[in-house]
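Participant: can you look at this prediction? I've put the sequence above it.
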Amino acid sequence: ENLSRRKSGSLRCSAGRQPPQPAVCRLSRLWLHRPGPRPGLLAHQTKMRMGVAGTEMTEPVRACSCQDIHRPQGQETELHESPSERPRSRLVFVICIMNVATVVTVMHFMVPFFPAVAMKKAPDAGATSHFLVGAIFGISALMEVPAAPLIGKDLPNIGGKTLLVLTSIVLAGVNFLFAFVEQIRTWKTFIALTLLLRVIYGISRAGNTVASYAVLLKAYPESAGSVSGVIRATTSLGNALGPLFGGLLYDLGGFRLPFYVASAIVVVNSVLVAVLLPSSVHDGGSTDPSSVKGSSLSGEGQDETYVKGEVDFKYGKLLKTPWLWIVLISVVIGNTKMSYLEPTMPTYFRSVFHTSVTVIGISWLVYSCVSSGFSLLIGYCIDHRGARPRLLLPAGLAVMGISFQLVGPTTLLPLAARSIWTSFTGLALLGLGNGLAMVSAMPDILNAVRDSQLGNTHELRAAVAGLLRGAFSLGSTVGPVVGSVLTGAVGFQQSASLLGGVYLLLTAVFIVGAWLYERQLSK
C-alpha cells in the first residue's frame, strides 16, 4: 500500500506513524534538523529545488513533505502560507496598497488649480515666472532621486512600519501648511516657502514609496512581479483621480479645502498603518541566514540581528551588477513619457484638435486605465505564468516607441489619419507599453541579483526598491525639461516622433545587452 501511494506521489510526512521513507527524504530531514535556524524563526523562507536522485537546497524552506521531495527535477515548490499567516499577509497587502493610493492621489490634488494661483502672485507672466512655478512641481521628484536610494539602503535599520507612519505624518503636515501659502503676499517668499515644502514632500514621498515596496516584498518575497504590478496600477489610477478630486474640492471650497481634505486623509492613513499593520514588518532581519554574519539565529524567541557592515558590503556589490544599470537606464528613459506629455500635449490638443478640457481629461484617463489593467496582468503573468521580465521589458519599450508615433500623430502618417482618435489609440498603446516595461523592471533586477549570488534578503530587496524609485523619479524630472525644449524647437509632432525613435533605439540596445549578459552567465 505504501509503495503504491509513493508511486502516485501522494505519500506525505506525518507527525504520527510514518512509513519507510526514501533516502532523499531522509537527507532532507537531516538538512532541516541541522544546527541553525529553526523553521519558525525566519519571516520569509522560500523555495528549494528538488531532484529525483538527490536534493539541491538553495534556501531554507518552511516545511517538508515527501510529495515535495518527489517533484520532477527542475520543478520548484511554491511558497505555501499556513492558515494563520494568510490573513496577516492579506492585511499587509491591503494596508500598503491603501497607503500608496492615498499618497499618490492627494499629491495631485493641487495640479488643476495651483499653477493659476501661483501665476497671479508673479510680478509678470514671463519665462522666469513660468519656470519657477514649474520648479514647484518638479522639485519634489528631483529630491526623490538621491533620497530614495539612501532610504532603501538604510530602511532595515529604520523599519518599514516606522517609516510608513513617520512619512505619512510629515506628508499630512506639509499638506496642511500648503493651505496657507495663498496668504503670502510677496513673490519671493511665496516661491521660497512652496519650494521648501515641496522638497520636504519629495523626500517624505520617497521614503513612503520605498517602504511600501519593501514591506510588500517582505510579505511576498517570491511575487515581485505582482507587487510591482499592483503598485504601478495604483499609482496610475492615483495620477488620474487626484487632479479630478482636487478640482472638485477647489470648486466647492476654494484654495484651502483640497489641502485640508488631503491632510485629514493622510492622518487617517497614518493611524490605520500604525494600528493595523503587523509589527513583524518592522524588523529588518535578513531572509537569508547565510547572508548575515554574526546574526543570532538559534534558540527560541531570538530574532535575526541586522549587521550593517554586511549590508554595506552587499550594497556595494549590488551597485557593481552590470545588468542593474542597464535596467535602471531603461527605466529613467521609459518613465519620461508622461512627464514629457503633461506640459505639452494639452496645449497641442487645444490648438490643433480644438478639444475641451474634459476631452483632455479623458485622454489621461484612457492612458491610466489601460496602464493599470495591464500592470496587474503583467505582474500576474510574471509570477504565475512564467513570463520572462527580460523579454517583456524591451517589448514594452518597443510598444512605447510605436505609440509616440501615433500620439503626435507623426507626419509620416497620411493627413486623413492624423485625428484625435489616432492620438487616443497612441495613448492606449502607451499604457500597454508602460505596463510591460515598468512592471518588469523590479523582478528583472531581482533575478539579476540572484544570478550574482547576492541572495534574496530583505535588505537587498529594500535597496533595489530605493534604486528603482530613484530611477522613476529621475525620469519624471527629466521629462518636462526634454518635452519643453524639444517642443519649442521642432513642435509637438516632431518631438513626439523623436522620443519614439529614442525608445526604439533603446529597445535594440537592451536586446543586445540582454544577449551579451545571458552569454556571460552561461560561461
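Facilitator: Everything's here; your move. Numbering: from 1, shown residues only.
Participant: show me the helices in the stretch 251-400 of the chain, by range?
Facilitator: Using DSSP state H, counting those that start in this stretch, the helices of the stretch 251-400 of the chain run over 256-276, 308-319, 322-334, 336-341, 345-348, 357-384, 389-407.
Participant: quick one: list the elements packing against the fifth one.
Facilitator: This means helix 345-348. helix 357-384, helix 492-522 (3 or more C-beta pairs under 8 Å, 6 or more residues apart in numbering; DSSP states H and E). C-beta: built from backbone N, CA, C; applies to glycine.
Participant: please identify which helix or strand holds Gly470.
Facilitator: helix 458-490 (DSSP states H and E).
Participant: which parts of that helix are buried?
Facilitator: Within helix 458-490, the residues that qualify as buried are 458-480, 482-484, 486-487, counting by 16 or more other C-beta atoms under 10 Å.
Participant: one more: stretch 363-373?
Facilitator: For stretch 363-373, by 16+ other C-beta under 10 Å, it's 363-364, 366-372.
Participant: need the helices and strands packed on helix 345-348 in CSV with mean pLDDT and distance to Trp325, can you?
Facilitator: Converted to CSV, those look like this (pLDDT from 0 to 100; distance: least, C-beta to C-beta, whole Å):
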stretch, mean pLDDT, distance to Trp325
helix 357-384, 88, 21
helix 492-522, 90, 10
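Participant: I'd like the ones you listed laid out as CSV, including distance to Met110.
Facilitator: Listed next are the helices and strands packed on helix 345-348 as CSV, based on distance: least, C-beta to C-beta, whole Å:
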stretch, distance to Met110
helix 357-384, 16
helix 492-522, 25
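Participant: Lys153 is nearest to which of those helices?
Facilitator: helix 492-522 (24.4 Å; C-beta to C-beta).
Participant: now for the closest one, which elements pack on it?
Facilitator: Using 3+ C-beta pairs under 8 Å, 6+ apart: helix 492-522 touches helix 322-334, helix 336-341, helix 345-348, helix 389-407, helix 458-490.
Participant: of these, which approaches Lys314 most closely?
Facilitator: helix 458-490 (6.2 Å).
Participant: check which helices and strands the closest one sits against.
Facilitator: helix 127-158, helix 187-219, helix 308-319, helix 322-334, helix 336-341, helix 420-451, helix 492-522.
Participant: what's the closest non-adjacent residue to Phe255?
Facilitator: Nearest non-adjacent residue to Phe255, counting by C-beta to C-beta, 6 or more residues apart in numbering: Glu182, 4.8 Å away.
Participant: and the pLDDT for the one you found?
Facilitator: pLDDT, Glu182: 89.
Participant: pretty sure it contacts Ala118?
Facilitator: No. Counting by C-beta atoms under 8 Å, Glu182 stays clear of Ala118, with 9.4 Å between them.
Participant: comparing these two, which residue is more hemmed in?
Facilitator: When Glu182 and Ala118 are compared for neighbours, Ala118 comes out ahead with 23 against 17, by other C-beta atoms under 10 Å.
Participant: element containing the more buried one?
Facilitator: Going by DSSP H and E, Ala118 is in helix 114-121.
Participant: who touches that helix?
Facilitator: Outside helix 114-121, the residues that touch it by C-beta atoms under 8 Å, 6 or more residues apart in numbering are 125, 129-130, 133, 136-137, 182, 184-185, 187, 190, 194, 255.
Participant: looking at those residues, which is nearest Lys218?
Facilitator: When the contacts of helix 114-121 are compared against Lys218 (criterion: C-beta to C-beta), the nearest one is Phe137, at 32.4 Å.
Participant: Pro243: what's it in contact with?
Facilitator: Residues near Pro243 by C-beta under 8 Å, 6+ apart: 108-109, 111-112, 361, 364.
Participant: now Thr477
Facilitator: Residues near Thr477 by C-beta under 8 Å, 6+ apart: 138, 141-142, 145, 339.
Participant: and for Ser212?
Facilitator: With C-beta under 8 Å, 6+ apart, Ser212 has these contacts: 96, 99-100, 164, 231.
Participant: now Asp383: how far from Ser89?
Facilitator: 14 Å (C-beta to C-beta, to the nearest Å).
Participant: with neighbour numbers in mind, choose between the two.
Facilitator: Asp383 (19 against 15).
Participant: you'd agree the more buried one is up against Pro221?
Facilitator: No. The pair Asp383 / Pro221 is not scored as a contact, 11.3 Å apart, by C-beta under 8 Å.
Participant: centre of the chain to stretch 394-405, how far?
Facilitator: 20 Å (C-alpha atoms, centre = their mean, to the nearest Å).
Participant: which outside residues touch that stretch?
Facilitator: 330, 334, 337, 412-413, 426-430, 432-438, 440, 496-497, 499-504, 506-507, 510-511, 514.
Participant: what's the mean pLDDT across it?
Facilitator: Mean pLDDT, stretch 394-405: 94.
Participant: CA atoms only for that stretch, dumped as PDB, please.
Facilitator: Extracted as PDB, the C-alpha positions of stretch 394-405 are listed here (Å, rounded to 0.1, in the frame of the first residue of the first chain):
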ATOM      1  CA  PRO A 394      12.200  45.500 -24.300                       C
ATOM      2  CA  ALA A 395       8.700  44.600 -25.700                       C
ATOM      3  CA  GLY A 396       7.300  47.400 -23.600                       C
ATOM      4  CA  LEU A 397       9.900  49.900 -24.800                       C
ATOM      5  CA  ALA A 398       9.100  49.000 -28.400                       C
ATOM      6  CA  VAL A 399       5.400  49.500 -27.900                       C
ATOM      7  CA  MET A 400       6.000  52.900 -26.300                       C
ATOM      8  CA  GLY A 401       8.200  53.800 -29.300                       C
ATOM      9  CA  ILE A 402       5.400  53.000 -31.700                       C
ATOM     10  CA  SER A 403       2.800  54.700 -29.500                       C
ATOM     11  CA  PHE A 404       4.600  58.000 -29.700                       C
ATOM     12  CA  GLN A 405       4.400  57.900 -33.500                       C
END
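Participant: buried ones in that stretch?
Facilitator: Quick answer for stretch 394-405 (16+ other C-beta under 10 Å): 394-401, 403-405.
Participant: mind putting these into JSON lines with distance to Leu241?
Facilitator: Formatted as JSON lines, the buried residues of stretch 394-405 follow (distance: C-beta to C-beta, whole Å):
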{"residue": "Pro394", "distance to Leu241": "31"}
{"residue": "Ala395", "distance to Leu241": "28"}
{"residue": "Gly396", "distance to Leu241": "24"}
{"residue": "Leu397", "distance to Leu241": "27"}
{"residue": "Ala398", "distance to Leu241": "29"}
{"residue": "Val399", "distance to Leu241": "25"}
{"residue": "Met400", "distance to Leu241": "23"}
{"residue": "Gly401", "distance to Leu241": "28"}
{"residue": "Ser403", "distance to Leu241": "22"}
{"residue": "Phe404", "distance to Leu241": "25"}
{"residue": "Gln405", "distance to Leu241": "29"}
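Participant: of those residues, closest to Gly225?
Facilitator: Set against Gly225, the nearest of the buried residues of stretch 394-405 by C-beta to C-beta is Gly396 (13.2 Å).
Participant: gap between the closest one and Gln494?
Facilitator: From Gly396 to Gln494 the distance is 24 Å (C-beta to C-beta).
Participant: cool, Leu324 as well?
Facilitator: 34 Å.
Participant: which one of the two has more residues nearby?
Facilitator: Neighbours per residue (other C-beta under 10 Å) separate Leu324 from Gln494, with Leu324 holding more: 19 against 15.
Participant: perfect, I'm done here.
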